[in-house]
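Predicted model and sequence follow; I will ask about them next.
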Amino acid sequence: MDKKKIARVTSFRYQILAMIFIVLAGGLVLLPKYQKHEGIKSEVLLSNAISPERYISTDQIANKIINQEPSFILIDVRDKESFKKYSLPNAINIPLAKLLNEESLPYLNQSQFDVVFFSNDNFYADQAWVLCRRLGFKNLRVLNGGLNKWFTTIINPEMPNEDMPKEAFALYSTRKASSMYFGVEYPDQVMTEDLNVNKPAPKQVITVQKKKKKPVEGGC
Amino acid sequence: MKELEKVKRISIATTLFILAILIGVLTFERPKNIYANNTKNTLENLISKDYLISLNEIDNPQVELIDVRSEYEYDKGHLVNALNISSAGILNEENQSILNEFKESNKTIVLYGKDPQEANIPFMMLYQLGFDNIKLLAAEINYLQNKLVTNQSNIEKPAGDIKAFINESQKNSKVTITEQKVEPAPKKVITVQKKKKKPVEGGC
């Protein structure tokens, strides 16, 4: 009886062996990924990092803010105090130290918005960019020159010299206009504002319905 | 006879199996430039560690200067004893072996570019690849009458207080408002004459 059983089992021995191999192979798939190799390849990361495409200029971002484009979020990677003191409108503060915390990831790891990092210049912002890009996050940008450039180009634009081309003046006037949007006021701006004040309120158009002259009623 | 055929089949299977493993091992290419630090470690070290080095500290035989600018700029002028490895070529086999040599001989690798921002990317890359002995030179390189000048650079130092600037501008413009205050023009009162309803005319 026992012999019969053994014989039956041994007749399946090849199938059993094969099964063991298949199970072992399946186990390979489940092996944990090696922690330190997380993220995209170093070569890809480097080529992404040195391409200038990842930068966005202060003029572009000012334009986007003014037009209220909903397609991007601003991430301020400076510390809390500097953020409280001044930051770009609607920016979110994620200090560099807290970049990889659980609660910051929903902002960074999504495909709906462009993420624009900025700091005082682009040093910390670049570091944040490299770390996030390595983790495979998409649509990451860095504000070129950071808040310092923001200050010198948008908030306090330099007046072009007389011998500069027309484009420089056009750029200056757009920058000046955008700085007004961000709260800067100019003495010469007040004049125009006053003019605005003195302007009579736009005439309200009251449409008086003219009564149609009815043919005189009655009569015999 | 049947048993013999089975044995034959098994031996074919085993040779194929061994062959497959052999081919796999032989063609396996070890990935190059593997990260040695994960992002969390890197970030912690970026915050806690002092990776910046100032100009007066580089005059040391233990320091190896690496110029990460392009070859053209390097030829134009560079710091004494600096080696040129541009940012784009930092992962090349050749350059990696040079850097590994420095690492093995316990030298401090100091990266510099035209400003610290330029050297930041190669610094981050090499740091993540496990070069713990790497530092960043906090200096800017300028040319003054074709002579190379290095200046200490203040990284992430705010150029100005933007908030104060905006407030100041608003204050200034308010001062001018009081000077130029113009009496508001008297409101014009427009009286709309209501038409008196005329009784419907006619009728008997």
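Noted; the coordinates are in hand.

Could you list every helix and strand in contact with the biggest helix by length in chain A?
Of all the segments of type helix in chain A, defined by DSSP state H, the longest one is helix A:13-30. Contact analysis of helix A:13-30 by 3 or more C-beta pairs under 8 Å, 6 or more residues apart in numbering or on different chains; DSSP states H and E lists no helix or strand as a packing neighbour. Just so you know, the C-beta spots here come from the backbone N, C-alpha and C atoms, and that holds for glycine as well.

So for the helix or strand following that helix, what gets flagged as buried?
Following helix A:13-30 in sequence order, the next helix or strand is helix A:42-49 (DSSP states H and E). Within helix A:42-49, the residues scored as buried using 16 or more other C-beta atoms under 10 Å in any protein chain shown are A:42, A:45, A:46, A:48, A:49.

roughly how far apart are residue A:147 and residue A:154?
Per C-beta to C-beta, to the nearest Å, residue A:147 is found 10 Å from residue A:154.

Ignore what I typed, I meant residue B:76.
Counting by C-beta to C-beta, the gap from residue B:76 to residue A:154 is 33 Å.

neighbour count winner among the two?
Between residue B:76 and residue A:154, counted using other C-beta atoms under 10 Å in any protein chain shown, residue A:154 has the larger neighbour count: 25 against 12.

Below-threshold pLDDT in chain A: ranges please.
A:1, A:31-37, A:188-220 (pLDDT under 70).

Show me where it has its strands.
Assigned by DSSP state E, the strands in chain A fall at A:55-56, A:72-76, A:92-93, A:114-118, A:140-143.

Also chain B?
B:52-53, B:63-67, B:82-84, B:108-112, B:134-137, B:139-144, B:147-152.

Make TSV out of those strands and add mean neighbour count, mean pLDDT and distance to residue A:122.
Formatted as TSV, the strands of chain B follow (neighbours: other C-beta atoms under 10 Å in any protein chain shown; pLDDT from 0 to 100; distance: least, C-beta to C-beta, whole Å):
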stretch	mean neighbour count	mean pLDDT	distance to residue A:122
strand B:52-53	18	85	16
strand B:63-67	21	89	21
strand B:82-84	17	88	24
strand B:108-112	24	90	17
strand B:134-137	24	88	14
strand B:139-144	16	82	14
strand B:147-152	12	79	19
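
For these, give me CSV that also has distance to chain A.
Formatted as CSV, those follow (distance: least, C-beta to the nearest C-beta, whole Å):
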stretch, distance to chain A
strand B:52-53, 10
strand B:63-67, 15
strand B:82-84, 16
strand B:108-112, 13
strand B:134-137, 10
strand B:139-144, 12
strand B:147-152, 15
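
Residue B:24 is nearest to which of those?
The closest of the strands of chain B to residue B:24 is strand B:134-137. By C-beta to C-beta, the value is 35.8 Å.

quick one: strands adjacent to that closest one?
strand B:52-53 (parallel), strand B:108-112 (parallel) (DSSP bridges).

one step back: highest average neighbour count across the strands of chain A?
strand A:114-118 (a mean of 24; mean count of other C-beta atoms under 10 Å in any protein chain shown).
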